[in-house]
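J.: Take a look and give me a structure for this.
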Amino acid sequence: MDSKENQINSQAISLKDMIINGYQVSYNDMEILKKCELDLLSELACEIRDNFSDGEFDLCTIINGKSGACSENCSFCAQSAHHNTHVDIYDILDTDQISQSAIKNYQDKINRFSIVTSGRKLNDSELDRICQAFKKIKDLCPINLCSSNGLLSYDQFVKLKNAGVSRYHNNLETSKSFFKNICTSHTYEDKVNAIKAAQRAGLKICSGGIFGLGENLDNRIEMAFALRDLDVDSVPLNILNPIPNTPLENNKPLSYEEVRRSIAIYRFILPQKSIRLAGGRVLLKDKGRAAIDSGIDSMISGHMLTTSGISHLEDIKMVEEMGFTIKRTSI
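T.: Predicted coordinates for the structure are as follows:
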């Protein structure tokens, strides 16, 4: 290792110490993190995570509460009506089916449960059915409730809050500067406005994006700073699993090294937030262990919306082997 590399590594260590003492990184600091030796960067990211953490690991699950026939043209998505992906299409699931899934997940030591629905947004009638399911879950078990139902209005967010939902999910997907390359049926600003409306309604926010859409590391960094500005609570990071017959079906997967560096940089930018390993984890040969060792403190477990995932029991075993305890009661 030459003197320049030693200097960069030393600067990264200093940045870590400054963050632990209250410093917020700036864009000017990013060149250090982009060039720091990867294993050291990951180690430093974990030190930051552990400093602000109690050692608990948050596991959540999702249910595909309404599938397919989405009007939006997101280029990565199997559920878009613009892509011939032959995905299952169905309306809002039965309340009992949703509530039984939530109870089973809680019994399996899952802390959070989310109903995810396809489409630009739910109409009021559909949202009422989702709220009925949330109210029933709340009556039956203490699992924390999240929801992901598109670009809802403020009044609709209030309905979710009153039904027992504590957190709303709405991914930015990518940076503002790259967004037009993956979706034209709604805008980045539509996403931001929905997030702000949900916050006004008293909901916490889960928002992140997808790595591997064709963006570069600078785009990912831009998104991280945007999430910091929005003061979101949980940041799900997905790795693109290219779906046949979507515009991104031939995208070359990111290297694991690129994924790990991106995650570690997110921990530097968002030191006290929940950074959640999400979709695409099945593509990683170690099921995400090295990603966790790059600053992750939470995961989505089980099946994703239209792709396979990793079972709760496997995830719990891996996380506990790594020295974490499973979180059960956070809101």
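J.: Which helix or strand lies directly C-terminal to the helix or strand of the chain with the lowest mean pLDDT?
T.: Using mean pLDDT, DSSP states H and E, helix 312-321 stands out as the lowest-scoring helix or strand of the chain, at a mean of 90. Using DSSP states H and E, the next helix or strand after helix 312-321 towards the C-terminus is strand 325-326.
J.: What are the buried residues along the least confident helix or strand of the chain?
T.: Of all the residues in helix 312-321, those buried under the rule 16 or more other C-beta atoms under 10 Å are 312, 315-316, 318-319. All C-beta atoms are positioned from the backbone trio N, CA, C, and that covers glycine.
J.: CSV for those residues, including distance to Gln272?
T.: Listed next are the buried residues of helix 312-321 as CSV, based on distance: C-beta to C-beta, whole Å:
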residue, distance to Gln272
His312, 26
Asp315, 23
Ile316, 24
Met318, 24
Val319, 20
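J.: And the least confident helix or strand of the chain, what does it pack against?
T.: Counting by 3 or more C-beta pairs under 8 Å, 6 or more residues apart in numbering; DSSP states H and E, the packing neighbours recorded for helix 312-321 are strand 56-66, strand 325-326.
J.: Can you list the strands that the first one pairs with?
T.: Taking DSSP bridges as the criterion, strand 56-66 forms sheet pairs with strand 112-117 (parallel), strand 298-300 (parallel), strand 325-326 (parallel).
J.: Could you report the distance from the closest residue to Glu37 other than its chain neighbours to Leu33?
T.: Residue nearest to Glu37 in three dimensions, not counting chain neighbours: Asn9, with 5.6 Å by C-beta to C-beta, 6 or more residues apart in numbering. Distance from Asn9 to Leu33, counting by C-beta to C-beta, to the nearest Å: 11 Å.
J.: quick one: which of the two has more around it?
T.: Leu33 (23 against 18; other C-beta atoms under 10 Å).
J.: was I right about that one contacting Lys16?
T.: No: with contact defined as C-beta atoms under 8 Å, Leu33 does not reach Lys16; the gap is 10.1 Å.
J.: number of nearby residues for Ala290?
T.: If you count neighbours by other C-beta under 10 Å, Ala290 ends up with 18.
J.: residue contacts, it?
T.: Listed by C-beta atoms under 8 Å, 6 or more residues apart in numbering, the contact set of Ala290 reads 42, 256, 260, 284.
J.: Now do the second one, the pLDDT please.
T.: Translated: Tyr256. For Tyr256, the pLDDT comes out at 96.
J.: That one contacts Leu284, doesn't it?
T.: Yes: counting by C-beta under 8 Å, Tyr256 does reach Leu284; the two are 6.4 Å apart.
J.: Identify the contacts common to those two.
T.: Taking C-beta under 8 Å, 6+ apart as the contact rule, Tyr256 and Leu284 both touch 290-291.
J.: Could you pull out the helices in the stretch 51-200 of the chain for me?
T.: For the stretch 51-200 of the chain, applying DSSP state H, counting those that start in this stretch gives helices covering 95-107, 124-140, 154-162, 188-200.
J.: For Leu240, which of those is the nearest?
T.: helix 188-200 (18.1 Å; C-beta to C-beta).
J.: what residue ranges in the stretch 51-200 of the chain score low on pLDDT?
T.: Residue ranges of the stretch 51-200 of the chain with pLDDT under 70: none are present.
J.: The stretch 201-331 of the chain now?
T.: For the stretch 201-331 of the chain, applying pLDDT under 70 flags the ranges 303-309, 329-331.
J.: measure Ile275 to Ser311 for me?
T.: Remark: distance between Ile275 and Ser311 (C-beta to C-beta) = 22 Å.
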